[in-house]
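>>> sequence and predicted structure below; questions after.
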Amino acid sequence: MSSESHGHAAEHAFRQHHFVNSEQQFDTSKLGMWLFLATEILMFGGLFVGFGLMQANYPEAWVAGHHHLDRIMGSINTVFLLCSSFTMVMAVHASSTNQKSKTVLNLLATLAFAGGFMVIKYFEYSHKFHEGILPGRYFSYAGGGPPEQAMFFGFYFAMTGIHGIHVLVGMILITWILIRAQRGDFSSAYYTPVDLVGLYWHLVDLIWIYLFPLLYLVS
Amino acid sequence: MSEHAHSSGARVYVLTLVALLILTGITVGASYINFGSASANIIIAIAIATVKVSLVALFFMHLRHDNPLNAIIFISSLIFLGIFLAFPLIDIQSREKVIPNGLRVREQVAAPKQAAPVPAAPAHH
Amino acid sequence: MADIVATPKSHGHGDHHDVDYLHDGSLLSWLTTVDHKKLGVMYLWSVFFMFFLGGVFALLVRLELMNPGQTIMTAEQYNKAFTLHGAIMVFLVIIPSIPAALGNFALPLMLGAKDVAFPRLNLLSFWIYVTGAIIATVAMLTGGVDTGWTFYTPYSTTADGPVALMTFAAFVLGFSSILTGVNFVATVHKLRAPGMGWFKMPLFVWGIYATAIIQILATPVLAITLLLLIFERLFGVGVFDPKLGGDPVLFQHFFWFYSHPAVYIMILPGMAIISEVIPAMSQKVFFGYKATAFSSVAIAIVSFVVWGHHMFTSGQSQLAGAIFSFLTFLVGIPSAIKVFNWITTMYKGSISLAAPMLYALMFLILFGIGGLTGIFLGTMSVDIHLHDTYFVVAHFHYVMMGSTLIAFLAGVHFWWPKMFGRMYNERAAQIAAFFVFIGFNTTFLPQFLLGSRGMPRRYYDYLPEFTFLHQVSTVGSWLLGLGFVIMAGYLFASLRKKMDAPSNPWHARTLDWQTSSPPITHNFHEIPVLKQGPYDYFKPFEPSVEGYHE
């Protein structure tokens, strides 16, 4: 999806031979990334569909499940991801306007927010495990409530778990971009990888924007 | 590449972030209010989330200024997701209506057999 | 979309090669190649090998069914045999075959491009395919799976054996398909040669494009379905387990949301090939180009709203069943439009009966049968009786094998000289085609009768009255196998000949024939500027690439 050459610093060295010019390559790369994002939407969407259908079957169990989730922690995580999306797009903007240090700083900030998200996630999960709330057959919560709560938590762990993996992958990609930005690979003539990683990161944010109310906020 | 210069600039991104944070506050606040039915709460939460998603997609992801094909791809994926949700929902919602009818029909057929007397039988002892 | 860049001369780094792609680079370099042609060829060999493996399982299954009761294997072994036959054929052969092998090879050439949009992603797709194949092989060797290729719950969530491994293999293979789809959509939008508007593209491209849309939108749902299945096996999550409040029918909704569009991932490329072979072999302009182009996209879209026709007897509501049944009728319309257009294209053409055309004609007949029987099965009231019988087995073999695989063979024979620079022996090809056609119909036509008379599918044993038809079917499978053995013979023999195939043996008009056979690594010295439409046989030929003729 992103285009890179083998160590040249010159801008047009990143252009691949089968493209006619850099603009065609940039537009094509972006198109490719949006197509990939569509696949992510359908994949996560499958989890949302399963979640929604089961909620229609077991509304009380879903309500009972919601009460175990900490709205405050979820809200903080939402704020973290929204801010990280902001710093990410600022990084893209900076890389497209030849502002290397601003690019690096914004990418670092994005990483920091993402790290904060994962820290809160860690606390949430360990609290759940402590209470015996685990996926599937390991669910041993002794506090009563409808038995289908276990399924709610099955979905909870599947959805937040897969989302969390995507956050980690995103952090790795952002780190890679950070290193390249520091190296001076990007300029107004070529900042495609930053833009593409940005799009991926925004998708991770989009998924959380729907996850948060559906998991944490319904009463 | 310069044709895709961000005419938005940093200002638009800041405004978008502020809007997103305000909407987050609203949706959390709304979750403490009971709007009547359970589905009303869900619909309001999803509506607010949809506005947030639109802001991120239009401004942070540049769909507003981009090749419309990218927006078409994004919207299409959501439409097909909607199809994936709608049909099984129709299935699940319409299942129970069939079974009780079926049971009633079977009961009506079973009842006359038990109620019918056998008048000619005693003569054959 | 102003995506056509009007600069025909492009200077890349290695443009000065006149070596054909087959001789460019060491044998080892093929493993890290980003050349779409080499990747296409590697996919081709992989698909051939997997087809052989899946075919061996098929022959074993049919051999077992020669007589009622045990013939050569136990019931458990039988269940594994048909599961592996299905899983291999669906995931490792039919789905990748045309797009990954022939599509990769021909698409950029037809568009006048030097490669696909993302060549390195293409390489990744291939290695993901190989990884999935290896994982599936490990699953086969460590006990195999007996759930059927459809992995229905609750059996698949509770059965012994490497189910999680096999489904993980399918999960991995799905990503190969997704990335190929992404590559092809981007390529078609962005890398068409100057002068090639959307309605000047060859119909093969339209078909591959529609296929790619499905690959992108549907395959991710398979990914999540298999993931949920694996979660249920590993963690007991219970989404599909009634004891825990889950719903096994939900699994079927999830599974078929992908797997129904998947069968159109199989048939659309097949139709796309037929749309190339018929005008070329009839030397005639394509009748109803726009209708056929749009019908490909229409099939792709409608394919997403019919999946419940696999679930009429599953416990799905009658209302849902009725809706799905009605929508299923709709998908027959664009398919029929194509069939009429193909036939009309041939009318008053100058017909050549070379091997590709033999397979194309076979396709018309076999797809007619396969497609129509699909409508029978899509009729809910009829399907109540035919579901899970041999009628279904016959139907899908007529469409998956009799149509898609036959079209694949048409494409292999059509593009063989372009890919390898050699012509195969035409007489041997005709003999093989004869055995394939006779063998196929002998195998599967009786199965319609078996099914409508009540023979259930996936059954190891059967009532004595079904014996004769089963035996006919098994003998048919041997004739079919013989056809493929002959085919393998002459195809491999051709590779030992000198590379003297003409650049345009079929006198076709699309850009892929305006290159050498085989093409140079970069396909074209300069990006061609399109001078004529893909089927302008009514006009004298005007080359878009200097030095090439019809």
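Yep, it's here.
>>> give me the contact list for the host helix or strand of residue C:110.
Element membership of residue C:110 [criterion: DSSP states H and E] is helix C:104-111. Helix C:104-111 has contacts (Cβ atoms under 8 Å, 6 or more residues apart in numbering or on different chains) with A:18, C:36-37, C:39-41, C:43-44, C:114-116, C:122, C:180, C:184, C:187-188, C:191-193, C:196, C:201-202, C:204-205, C:208, C:415, C:418-419, C:510-512, C:515, C:519, C:523, C:534. All C-beta spots, glycine's among them, are computed from the backbone N, C-alpha and C.
>>> and those residues, which of them are in helices?
C:36-37, C:39-41, C:43-44, C:122, C:180, C:184, C:187-188, C:204-205, C:208, C:415, C:418-419 (DSSP state H).
>>> what comes up buried for stretch A:107-114?
With burial defined by 16 or more other Cβ atoms under 10 Å in any protein chain shown, the residues of stretch A:107-114 counted as buried are A:107, A:109, A:110, A:111, A:113, A:114.
>>> and the lowest-mean-pLDDT helix or strand in chain C, does that touch chain A?
When the helices and strands of chain C are compared on mean pLDDT, DSSP states H and E, helix C:155-158 comes out lowest with a mean of 92. No - if you take Cβ under 8 Å from any Cβ of the partner chain as the test, helix C:155-158 misses chain A, and the best it gets is 10.9 Å.
>>> which secondary structure elements does that helix contact?
helix C:203-235 (3 or more Cβ pairs under 8 Å, 6 or more residues apart in numbering or on different chains; DSSP states H and E).
>>> is chain B within reach of the helix it packs on?
Yes - using Cβ under 8 Å from any Cβ, helix C:203-235 reaches chain B at C:217, C:221.
>>> mean confidence for the helix or strand just after that helix?
Downstream of helix C:203-235, the first helix or strand assigned by DSSP H and E is helix C:248-282. The average pLDDT for helix C:248-282 rounds to 97.
>>> and the angle for helix C:248-282 with helix C:104-111?
50 degrees (axes from the mean of the first three to the mean of the last three Cα atoms, to 10 degrees).
>>> could you say what helices and strands the one helix or strand in chain A whose mean pLDDT sits lowest packs with?
When each helix and strand of chain A is scored by mean pLDDT, DSSP H and E, helix A:59-66 comes last, with a mean of 89. For helix A:59-66, the packing partners by 3+ Cβ pairs under 8 Å, 6+ apart come out as helix A:149-183.
>>> and the helix it packs on with chain B, contact?
No - taking Cβ under 8 Å from any Cβ as the criterion, helix A:149-183 and chain B are apart, separated by no less than 14.2 Å.
>>> list the buried ones in that helix?
Per 16+ other Cβ under 10 Å, helix A:149-183 contains these buried residues: A:149-160, A:163-164, A:166-167, A:170-171, A:173-174, A:177-178, A:180-181.
>>> chain B: helices as residue ranges?
B:10-30, B:38-55, B:68-95, B:98-115.
>>> enumerate the residues of chain B near chain C.
So far as Cβ under 8 Å from any Cβ goes, chain B lies against chain C at B:67, B:69, B:76-77, B:80, B:83-84, B:87-88, B:90-92, B:94-95, B:97-98.
>>> tell me the buried residues within the residues you listed.
B:67, B:69, B:76-77, B:80, B:84, B:87-88, B:90-92, B:94-95.
>>> residue 74: neighbouring residues, count only.
No chain in the question, so chain A it is. 21 (other Cβ atoms under 10 Å in any protein chain shown).
>>> oops, wrong one, chain B.
Residue B:74 has 20 nearby residues by other Cβ under 10 Å.
>>> could you do residue C:480 as well?
25.
>>> excluding covalently adjacent residues, which one is nearest to it?
residue C:439 (3.2 Å; Cβ to Cβ, 6 or more residues apart in numbering or on different chains).
>>> so that neighbour sits against residue C:473, correct?
No - in terms of Cβ atoms under 8 Å, residue C:439 does not count as a neighbour of residue C:473; the distance is 10.5 Å.
>>> who's more crowded, the two?
Per other Cβ under 10 Å, whichever of residue C:439 and residue C:473 has more neighbours is residue C:473, with 24 against 20.
>>> now do the more buried one, the pLDDT please.
Confidence at residue C:473, expressed as pLDDT, is 98.
>>> same question, residue C:13
44.
>>> please apply the same query to residue C:391.
For residue C:391, the predicted pLDDT is 98.
>>> what do you get for residue C:237?
At residue C:237, pLDDT is 87.
>>> now do the contacts for it.
A:135, A:136, A:151, A:154, A:158, C:228, C:231 are the contacts of residue C:237 under Cβ under 8 Å, 6+ apart.
>>> skipping adjacent residues, who's closest to it in space?
The shortest distance from residue C:237 to any non-neighbouring residue, by Cβ to Cβ, 6+ apart, is to residue A:154 (3.7 Å).
>>> now do residue A:69
In space, residue A:69 is closest to residue A:216, 4.8 Å off (Cβ to Cβ, 6+ apart).
>>> where does that neighbour land in three-state SS?
Three-state call for residue A:216 (DSSP: H, G, I helix; E, B strand; the rest coil): helix.
>>> pretty sure it is touching residue A:74, no?
Yes - shown here, residue A:216 and residue A:74 form a contact pair, counting by Cβ under 8 Å, at 3.9 Å.
>>> shaky segments in the chain?
No chain specified, so I'll use chain A. A:1-14, A:219 (pLDDT under 70).
>>> try chain C instead
C:1-17.
>>> what does it have sitting close to chain B?
Contact residues, chain C versus chain B (Cβ under 8 Å from any Cβ): C:1, C:189, C:217, C:221, C:247, C:249-250, C:253, C:257, C:304-305, C:307-308, C:315-320, C:323-324.
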